[in-house]
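Enquirer: The sequence isn't on hand, but the structure is:
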């Protein structure tokens, strides 16, 4: 299988929705909604990272998803590095049971800073709040 173009992270646009919805369907651990008004970074056809500004110089990662056939090839790392390069402080919530995602975020410098009981539905689960600061 050909390696994805992980170095080509770009801002997403409306035309990307054609491949985003099928990608999300293959990633049940990701949020199952398309970023409509929030900024999104993409590696075309491979992965997406949606985020939003919540305060000056502070951002929240809303969704990070990579197609199964492109996982463990640097796509998520490239997307997250591009987001963090914007500077500021970053936050996210991750399911307590999603150990792989938590380990990935920790490898990128995020640290657990809190817990949100009952944050997730279907199935109900607490969220681990993680933060990153330059």
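Expert: Great, that's in hand. Everything quoted here is computed from the prediction, not taken from an experiment.
Enquirer: hey, let's count contacts and neighbours off CA atoms from now on
Expert: Will do.
Enquirer: Check the gap between the residue positioned nearest the centre of the chain and residue 78 for me.
Expert: Centre of the chain computed as the mean C-alpha position; nearest residue by CA atoms, centre = their mean is residue 64, 2.0 Å away. Look at residue 64 and residue 78: by CA to CA, to the nearest Å, they are 11 Å apart.
Enquirer: so the closest residue to residue 54 other than its chain neighbours is in which element?
Expert: Counting by CA to CA, 6 or more residues apart in numbering, residue 60 is the residue found nearest to residue 54 once chain neighbours are left out, at 6.7 Å. Here residue 60 is covered by strand 58-66, with elements defined by DSSP states H and E.
Enquirer: What segments of this structure are strands?
Expert: With strands called from DSSP state E, the chain shows them at 10-11, 40-43, 47-55, 58-66, 89-95, 111-120, 125-133.
Enquirer: can you pull the buried residues of the third one?
Expert: The reference is to strand 47-55. Judged by neighbour count using 16 or more other CA atoms under 10 Å, the buried positions of strand 47-55 are 47, 48, 49, 50, 51, 52.
Enquirer: right, and out of the residues you listed, which lies closest to residue 71?
Expert: residue 47 (9.1 Å; CA to CA).
Enquirer: Mind listing the residues bridging to that closest one?
Expert: Applying DSSP bridges to residue 47 gives these bridge partners: residue 43, residue 66.
Enquirer: Hmm, it is touching residue 69, no?
Expert: No. Applying CA atoms under 8 Å as the test, residue 47 and residue 69 come out as separate, 10.5 Å apart.
Enquirer: Now the residue nearest to the centre of the chain. Nearest residue, chain neighbours left out?
Expert: With CA to CA, 6+ apart as the criterion, residue 64 has its nearest non-adjacent residue at 4.4 Å, and that residue is residue 49.
Enquirer: and that neighbour, what does it touch?
Expert: Residue 49 makes contact with 40, 41, 42, 61, 62, 63, 64, 65, 79, 80, according to CA atoms under 8 Å, 6 or more residues apart in numbering.
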